[in-house]
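This is the structure alone, sequence omitted:
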């Protein structure tokens, strides 16, 4: 089983004296791998213990999110604009609100 890795990982692994095999993903594979990696990084951020670990995982999560956005033709500016629009229309998480019940 493989996974999407950063570009320099093979070089780093080989410098440590280990063996790694890699291949370049096709378009559809890459898009799917980015989405899978996004979930992986989100789980790691959720499970991070301590500020330093959380910072590292959030940086990884952001890197994957921006890579997926770039692949889909979405700019960082568009993401920030959408974030601001969503904050205006739906608010943010400053209130620490948690829904305990919802009925429609």
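Arrived safely. Worth saying up front: this structure is predicted, and the values here are computed from it rather than measured. Numbers count the residues shown, from 1 in each chain.

Which pLDDT does the model give the spatially most central residue of the chain?
Among the residues of the chain, the one closest to the centroid is residue 61, at 3.0 Å (CA atoms, centre = their mean). You'll see residue 61 listed with a pLDDT of 97.

which ones are touching it?
Under the criterion of CB atoms under 8 Å, 6 or more residues apart in numbering, the neighbours of residue 61 are 38, 41, 42, 44, 45. Bear in mind the C-beta positions are built from the backbone N, C-alpha and C, glycine included.

all helices for this protein, in order.
Remark: helices assigned in the chain by DSSP state H are 9-15, 27-47, 51-71, 76-90.

Can you add distance to residue 3 and give these back as TSV?
As requested, these are exported to TSV (distance: least, CB to CB, whole Å):
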stretch	distance to residue 3
helix 9-15	10
helix 27-47	7
helix 51-71	11
helix 76-90	24
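
show me where pLDDT drops low in this protein?
Residues of the chain meeting the criterion pLDDT under 70: none.

how about 80 then?
Counting by pLDDT under 80, the chain contains low-confidence residues at 1.

what's the closest non-adjacent residue to residue 44?
Counting by CB to CB, 6 or more residues apart in numbering, the nearest residue to residue 44 once its immediate chain neighbours are dropped is residue 57, at 4.6 Å.
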